[in-house]
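# Predicted model, plus sequence, below.
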Amino acid sequence: MTSSNNFHTPMKRAKGLGTAKDGTGHWIAQRVTSILIAPLGLGVIAWLSQNHHLPYTDMLHILANPWIASILFLFVGSASYHAALGLQVIIEDYVHSHFWRYYLLIKVRLIGYLLPAITLFLLIKIMIMGMN
Amino acid sequence: MKPRPLSPHLQIYRLPLAAILSILHRITGGGLVISLLFFIAWLASLAMGETAYGSFKDFMSSCFGQIVIFFSLFGFYYHLANGIRHLVWDYGHGYDLSTVRLTSWLVIITSVGATILTWSFA
């Protein structure tokens, strides 16, 4: 706090800076998503390690299956959320400059929303391409 | 008077195994964000057509692409194994030094082993 704010009451200075009232939600979400990512990530790695050589059209048809597309969307969605929460903690720990701290925190949150959105539309396009 | 070094002073202090694993959890977590971007790029190349898919596969079979895949695999297995350890800690188990040392080595062995296994069977 700068000295020019000294006439503020301690309550006034604390307001709007965020309190310890909603951190638990992040902590729980980090762990819940981790339990989702574990089997999904293992499944994606196991499948891709054996099938990455498949020809283009075969791969397209497999990913056009709505069940498989749903699993992939769930994987990217939960991984993006988990990543955004993890990066948030890293930024909060290491970035102390006020500007960069909030710039990066906002950016990380936006990317956390953006990646599942991009993935969803890519999967829809793959589904349309794989239908014919 | 010269300012005295603070402890733990990272240039002097030899990190214990648990500390190395702890920072590696962060590093692999950050690195896996890049792996996730590569996975989405793979989906994007598939959605863009056969030529784009072909060039993406060529890129991934290059030296740089193979390094990305190798570190993505190790990062995932390490973060998974150490993450399971974190979940067990959250339940309040495994805090005594001998158990921490044992599970540390367990994490190293399983993540390196799983990486080598996946790499050789891919």
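Okay, I see it.
# where does the chain have low pLDDT?
Reading this off chain A. By pLDDT under 70, the low-scoring segments of chain A are A:1-5, A:17-21, A:132.
# my bad, chain B
Residues of chain B that meet the criterion pLDDT under 70 lie in B:5-8.
# Give me the helices and strands touching the lengthiest helix in chain A, please.
Determined from DSSP state H, the single longest helix within chain A is helix A:98-131. If you count contacts as 3 or more Cβ pairs under 8 Å, 6 or more residues apart in numbering or on different chains; DSSP states H and E, helix A:98-131 packs onto helix A:56-63, helix A:66-94, helix B:17-48. Glycine gets a C-beta too; all of them are placed from N, C-alpha and C.
# quick one, which of those is nearest to A:Met129?
helix A:56-63 (5.8 Å; Cβ to Cβ).
# Counting neighbours, which bits of the closest one end up buried?
A:Tyr56, A:Met59, A:Leu60, A:Leu63 (16 or more other Cβ atoms under 10 Å in any protein chain shown).
# tell me the angle that helix makes with helix A:66-94.
In terms of direction (axes from the mean of the first three to the mean of the last three Cα atoms, to 10 degrees), helix A:56-63 departs from helix A:66-94 by 80 degrees.
# what residues does helix A:56-63 touch?
By Cβ atoms under 8 Å, 6 or more residues apart in numbering or on different chains, the surrounding residues in contact with helix A:56-63 are A:51, A:54, A:68-69, A:72, A:123, A:126-127, A:129-130, B:43, B:46, B:50, B:53-54.
# Leaving out sequence neighbours, find the closest residue to residue 115.
The chain I'm using is chain A. Once flanking residues are discounted, A:Leu115 sits nearest to A:Ser80: 4.2 Å by Cβ to Cβ, 6 or more residues apart in numbering or on different chains.
# My question was about chain B, not that one.
For B:Thr115, ignoring the flanking residues on the chain, the nearest one in space by Cβ to Cβ, 6+ apart is B:Phe74 at 4.4 Å.
# for the residue most central in space within chain B, what are its contacts?
Residue closest to the average C-alpha location in chain B (Cα atoms, centre = their mean): B:Gly75, at 2.2 Å. For B:Gly75, the contact set (Cβ under 8 Å, 6+ apart) comprises B:Thr28, B:Gly31, B:Leu32, B:Ser35.
# likewise B:Thr51?
Residues near B:Thr51 by Cβ under 8 Å, 6+ apart: none.
# if I look at it, how far off is A:Leu48?
Here the criterion is Cβ to Cβ, to the nearest Å. By it, B:Thr51 lies 21 Å from A:Leu48.
# Once you drop chain neighbours, what's closest to B:Ala41?
Spatial nearest neighbour of B:Ala41, excluding adjacent residues (Cβ to Cβ, 6+ apart): B:Phe56 at 6.7 Å.
# Isn't the one you found up against B:Ala47?
No - the pair B:Phe56 / B:Ala47 is not scored as a contact, 11.0 Å apart, by Cβ atoms under 8 Å.
# so what sits against both of those two?
Overlap of the contact sets of B:Phe56 and B:Ala47 (by Cβ under 8 Å, 6+ apart) is empty.
# and A:His53, helix, strand or coil?
Secondary structure for A:His53, judged by DSSP: H, G, I helix; E, B strand; the rest coil, is coil.
# For it, give me the backbone phi and psi.
Main-chain dihedrals, A:His53, degrees, to the nearest 10: phi -90, psi 0.
# mind listing what it touches?
With contact set as Cβ under 8 Å, 6+ apart, A:His53 has no partners.
# what about residue 36, how many residues close to it?
Since no chain was named, I'll use chain A. 16 (other Cβ atoms under 10 Å in any protein chain shown).
# looking at chain B here, not the other one
Per other Cβ under 10 Å, the neighbour tally for B:Leu36 reads 20.
# Also A:Ile45?
A:Ile45 is flanked by 18 other residues according to other Cβ under 10 Å.
# Hmm, it is touching B:Phe74, no?
No - counting by Cβ under 8 Å, B:Phe74 is not a contact partner of A:Ile45; they are 11.5 Å apart.
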